[in-house]
Every structure is written in C-alpha cells, then in structure tokens.
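Chemist: just a sequence and a predicted model for now, questions to come.
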Amino acid sequence: MEVYPWWTDEQKAFQEEMTAFVEEIMPRDAETRWKREFPWDIFKAIGEKGYTGAGVPKEYGGMGMGATGACIAAAAMNRTPGPGRIYVGNMLGGLRQIIEFGDEEQKKRFLPRISKGEIGAIVITEPVAGTDAAAQVTGARRDGDAYVLNGKKRFIVSAGVADRYMVYARTSDDAEDRRKYRHLTAFIVEKGTPGFSVEKINEIIGFENIQNGVLDFKDVRVPVSNMLGEEGQGWSVMTAGLNFERTLISAQTAGWMEELLRNTVPYCQRRVQFGKPTISFLNNQFKVADLVSRLKIARLLSFYTAYLWDLGWDITLECNMAKVYNAESVMASSLDAIQVMGGDGLTPFYPLSAIMHVAKVENIAGGTMDACRMVIHRTAMRQMAQEFKQPRRVIHEELGVPVPTAENPQRAGRVDEDSLLKILAEDYRVNPGLHMNREDMSLHFDVPDEKLDEVLLSLEQKGWALLNRDKKGIALAKATYDGLERAFPKDHYKWFPDWATEDRIF
C-alpha cells in the first residue's frame, strides 16, 4: 500500500518488512484457525523480531517508531485477523498507559517485556459494566504495601495466555469521587498471582485461534508498585489506553479492507458468468469502487491520527472518528465483497467471512460505535465551540428578510422588560423556530447575569417569555404570542414575497 509523505525512511522500510513477515506467517495462521489452536509460534516469531516494540521508545528496548510504527504493524498484522487482534488490543496491552502514567521504574520493568513480545490483556468489561465502563464494581482495597482485588471481568481477549493484565478496579464508593471519575485505579496484574484465575473461555465469532474469557479475582494481592498513576486516576489511565487502542483498531480495519480487495478483485476478474468475467458487470464495479474508496479513506484517517499522536496532539476526536468510520466501513466492505464473490464468499476457504466476523467484533470491542460517538460529540462540543457559533443574522432594512451580518449590536448598559422583549421579538423575525441563548442576549446588553435573570423571570411571570433551564440556570428564552404583541404592532412581523399579490393574501 501507499506510504505517506510524513513517514520517515525507517517507517517506510518497516512497512515493507512487516508486509513480508505477514506473508510468511499467513499459512501457519490459516492452519491454526482450522485446528482451533492458539498460534504460540507466531507470537514467538513476533517477539523475536521485536515488532511489538514498534511504538516503544528506543531507550526501553523498542523500535521507537511511535504510533505511526504501531499502526503500520497493526495494518499488516491483520491479514491474520486473530493474531492481529491480539497484537492490537492485547499484546500491546498497557503500552500507552505505561508510557503516559508509569514511573521510571515501571517503564524499565514493563516496556522491554512488551518489546520482546510478552502478551498482555486489557481488562475492563464486567458482568455489570460494559459500555458504561465507569460502573465497574470489581473492588480494590489498600492493605499495607498491596491492594487486594475481588471481582470478575469478562470478554477479555488473551484470557489465560497473557502474562500481563491491565486491570481497572474501584477504589472508592464516595459519590463525589464517582461524579468526578476519581473512583477507579489502574493495576498491572501478572499471571500466576495467587487468587487470579480464568473462570471461562468464550466462543466468539472470528476468534477461532485466539482466546476470549472470563477472569476471577479472589483476594488477589497486587503490590503498590504495580499501580499505574495515583489512586483514583484509573479513568484517565483507561482513556489514554482506549484512545491508543482505537487508533490501532482503525489501522487494523484498514488492513482487513486491503485483504478484501486482494481477494475480491482477482476473483471477479476470473469468475465467468453470462460469457464474461463478473468484473465487467457495472454493479460489481460500483462495489469495488466503494471498497477502494473506504480503504483509502480508512488508511488516511488511521495514519493521520497516528501522525498527530506522534506530534503530541490531543487526538481524542480523531481516534474516535477513525474507529467509527473504519469499523463500520470494514463491515460494509466485507458484505459487499461477499456479495461480489457470491457463494464462495460465504465459505471459510476464502477470508471474507472471517473478516466479516471480526469486523462485527470491532463494532463492539475497544468501545462500541455509540460509545465512540458519545466521545466525539462531547469532545467536538468542547474543541469546536467556535465553529459551532451560530452566524449572526439581522432583518435587511429594504428586503425585510434575514441576512448575515459581520457587525455586533451596540451593547446597552441597562436592561428592562421592554428592551429585552424587543430583542426577543426581533429574534422571532430572524429565527422564528428558535430560542435565544445567553450568548445571543449578552451581545445586546452589558449587564450582570443576575440582572438579566431578574428581567427574564419577570417576563416569564407575566407570560411574555418562555424560559428553558439547564443545570446552570436560565439557558434559553423565547417571546410568547402575548410578548410579541406587546413588543411590536402586528404589521412589524409581516412579510410576503413579491409574487404574493393582494388577491392571494387574506
């Protein structure tokens, strides 16, 4: 696939190397999927090559290629969906959390192990907590130089095969801590810790050669030295990890889209129906065009987000957008590819049905589409507040219709019922279906909020204005019918287009 102009020579060479490596392991991956075996030898080879250290700084034994290098590896590895999923979500389990929140001792202890291929797991979901990750009830109480964990976690990829588990547990039941997301703490729990066990292995679509299961914690003592960040900082640790995981998931889904094209286009170039290859049918050409478009957009989203990661930007908006677009796109592309290939696309002898299965998994794992959209909305409302400002419009003196204006009104130093009611009435002429917000009104009056509230409440009590309130108080206001009549004569609100002659108006 294409390289991007911001990639270093090292990153470009790494893509070539990863592509060749995956070509070598694909036969073994296919074998283990048919046999339902965990591909230990593949992960051993990954560790020997140091590929899990793509995003680990060089001073800790990694390759030092940042998020871009990790995404290059993720896109390549996911020609093998099972091992690729572990590489993305779990073999790198805790990487970003350790980099951002680990102390120097923890970085020196854990990052080299990641670089050498140690398998890790992300442990968030519980029987009572899924998308609502803040609702976790697995508890951790301080006992001397350790925390004691009790609870259950489920839908954990690499359950039983991982050596390192990135676990989040509740350390406070205080309502104020819960409100401020200070009730969770992050821990690294290592395999073999007394009381820590696998309760169940799940059957999950698309996970033929990797494991997913339920974990049980019974009086599991975790040393304080394995706590990441401070007590109560778990939500921030988790968010950093999820943002990185979603970036890698975006790259992995792009890898699946590449594999769909690698199979679909050659297939319909060779499949003959009605006397000609099916690639000649316009409907198939349209589907291939969609497959190519989604792939190109998905790669650009993934690697631009990774680039911003490496620049140190806040990529909360970008990584969630990429996750939503890419995960939904690969699902649509897998269905289109299967349709192009017909019955063969439904068999396990081609990789299309396997990609469709894991594509559905990624619409849920690492944050559901709805959860990601919630993050997109909240982040956009904060980061893009200036872009969301409503363009100011006024009534054109000659035309009598709303037109944009670059000028703000002269602010009055006092406000009373009549002056505020006239402003609300003018807003009715400009935006008949909308309320005015506080910012709209403050453009007209240079007065304290308390004074504006006083006048708004008076208008409401007299039935001249409708008020809408939020947690902070009065947020929106609109003139009522009686308020409009009090503000201006009826003719003030009238307007008709030129073609509306008198005989058409009663």
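Modeler: Good, I have the coordinates. This structure is a prediction, so every number in the text was calculated from the model and none was measured.
Chemist: list the contacts for Thr125?
Modeler: Ala133, Lys153, Arg154, Phe155, Ile156 (Cβ atoms under 8 Å, 6 or more residues apart in numbering). Any C-beta I mention is one placed from the backbone N, CA and C, and that applies to glycine too.
Chemist: in strands, which of those residues appear?
Modeler: Lys153, Arg154, Phe155, Ile156 (DSSP state E).
Chemist: what about those residues, which one has the most neighbours?
Modeler: Lys153 (27 neighbours; other Cβ atoms under 10 Å).
Chemist: the ones in strands among the contacts of Thr125: which two are farthest apart?
Modeler: Among the ones in strands among the contacts of Thr125, the pair separated by the greatest distance (Cβ to Cβ) is Lys153 and Phe155, at 8.1 Å.
Chemist: and for the two, which residues touch both?
Modeler: Thr125, Val214.
Chemist: poorly predicted segments of the protein, please.
Modeler: By pLDDT under 70, the weakly predicted segments of the chain are 93.
Chemist: quick revisit: with distance to Glu17 added, can I get the contacts of Thr125 in JSON lines?
Modeler: Listed next are those as JSON lines, based on distance: Cβ to Cβ, whole Å:
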{"residue": "Ala133", "distance to Glu17": "36"}
{"residue": "Lys153", "distance to Glu17": "35"}
{"residue": "Arg154", "distance to Glu17": "37"}
{"residue": "Phe155", "distance to Glu17": "33"}
{"residue": "Ile156", "distance to Glu17": "31"}
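Chemist: related to what we said a few turns ago, tell me which of the ones in strands among the contacts of Thr125 is nearest to Leu261?
Modeler: Nearest member of these to Leu261, counting by Cβ to Cβ, is Phe155, at 30.3 Å.
Chemist: just give the closest residue to that closest one, not the sequence neighbours.
Modeler: Thr125 (4.6 Å; Cβ to Cβ, 6 or more residues apart in numbering).
Chemist: repeat that for Tyr4.
Modeler: Phe303 (5.6 Å).
Chemist: what helix or strand is that neighbour located in?
Modeler: helix 282-311 (DSSP states H and E).
Chemist: give me the helices and strands touching that helix, please.
Modeler: helix 66-77, helix 234-270, helix 316-341 (3 or more Cβ pairs under 8 Å, 6 or more residues apart in numbering; DSSP states H and E).
Chemist: please enumerate the strands of the stretch 1-150 of the chain.
Modeler: 120-123, 139-143, 146-157 (DSSP state E, counting those that start in this stretch).
Chemist: most packed of these?
Modeler: strand 120-123 (a mean of 28; mean count of other Cβ atoms under 10 Å).
Chemist: and it, how far from the chain's centre?
Modeler: 18 Å (Cα atoms, centre = their mean, to the nearest Å).
Chemist: quick one: strands adjacent to that strand?
Modeler: When sheet partners are counted by DSSP bridges, strand 120-123 sits next to strand 164-170 (parallel).
Chemist: moving C-terminal from the helix or strand encompassing Ser458, which element do we reach first?
Modeler: If you go by DSSP H and E, Ser458 is part of helix 449-461. Downstream of helix 449-461, the next assigned helix or strand under DSSP H and E is strand 465-470.
Chemist: closest one to Ser419 out of the ones in strands among the contacts of Thr125, please.
Modeler: Here the nearest of the ones in strands among the contacts of Thr125 to Ser419, counting by Cβ to Cβ, is Phe155; it sits at 59.7 Å.
Chemist: so the closest one sits against Gln211, correct?
Modeler: No. Counting by Cβ atoms under 8 Å, Gln211 is not a contact partner of Phe155; they are 11.4 Å apart.
Chemist: ok, Val157 to Lys116 distance?
Modeler: Distance, Val157 to Lys116, by Cβ to Cβ, to the nearest Å: 20 Å.
Chemist: give me the number of residues near Asn284?
Modeler: So Asn284, with other Cβ under 10 Å, has 20 neighbours.
Chemist: pretty sure Thr316 contacts Asn243?
Modeler: Yes. Thr316 sits in contact with Asn243 when judged by Cβ under 8 Å, with a separation of 5.9 Å.
Chemist: what is in contact with those two at once?
Modeler: The contact lists of Thr316 and Asn243 share no entry, where a contact means Cβ under 8 Å, 6+ apart.
Chemist: domain ranges for this structure?
Modeler: Following automatic domain parsing, one gets these domains for the chain: 238-383, 393-504.
Chemist: what's the most buried one of those?
Modeler: On a mean-neighbour basis (criterion: mean count of other Cβ under 10 Å), the most buried of the domains of the chain is domain 238-383, at a mean of 20.
Chemist: and that domain, how far from the chain's centre?
Modeler: Offset of domain 238-383 from its chain centre (Cα atoms, centre = their mean): 14 Å.
Chemist: name the surrounding residues that touch stretch 403-420.
Modeler: Residues outside stretch 403-420 that contact it (Cβ under 8 Å, 6+ apart) are 391-396, 441, 443-447, 451-452, 455-456, 458-459, 462, 464, 487.
Chemist: swap the cut-off to 7 Å and go again
Modeler: 391-394, 396, 443-447, 451-452, 455, 458-459 (Cβ atoms under 7 Å, 6 or more residues apart in numbering).
Chemist: from the chain's centroid, how far away is that stretch?
Modeler: Taking mean C-alpha positions (Cα atoms, centre = their mean), stretch 403-420 and its chain are 41 Å apart.
Chemist: for it, output the C-alpha coordinates as PDB.
Modeler: C-alpha atoms of stretch 403-420 as PDB (Å, rounded to 0.1, in the frame of the first residue of the first chain):
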ATOM      1  CA  VAL A 403     -29.400  38.200   6.100                       C
ATOM      2  CA  PRO A 404     -25.900  37.500   7.600                       C
ATOM      3  CA  THR A 405     -24.100  40.400   9.300                       C
ATOM      4  CA  ALA A 406     -20.500  40.700  10.500                       C
ATOM      5  CA  GLU A 407     -21.400  43.500  12.900                       C
ATOM      6  CA  ASN A 408     -22.400  43.100  16.500                       C
ATOM      7  CA  PRO A 409     -25.000  45.400  18.000                       C
ATOM      8  CA  GLN A 410     -24.100  48.200  20.300                       C
ATOM      9  CA  ARG A 411     -24.400  46.900  23.900                       C
ATOM     10  CA  ALA A 412     -26.800  48.800  26.200                       C
ATOM     11  CA  GLY A 413     -25.600  49.500  29.800                       C
ATOM     12  CA  ARG A 414     -29.000  48.600  31.300                       C
ATOM     13  CA  VAL A 415     -31.800  46.200  30.600                       C
ATOM     14  CA  ASP A 416     -35.600  46.300  31.300                       C
ATOM     15  CA  GLU A 417     -38.600  44.300  30.300                       C
ATOM     16  CA  ASP A 418     -39.400  46.400  27.100                       C
ATOM     17  CA  SER A 419     -35.800  46.400  25.800                       C
ATOM     18  CA  LEU A 420     -35.300  42.700  26.300                       C
END
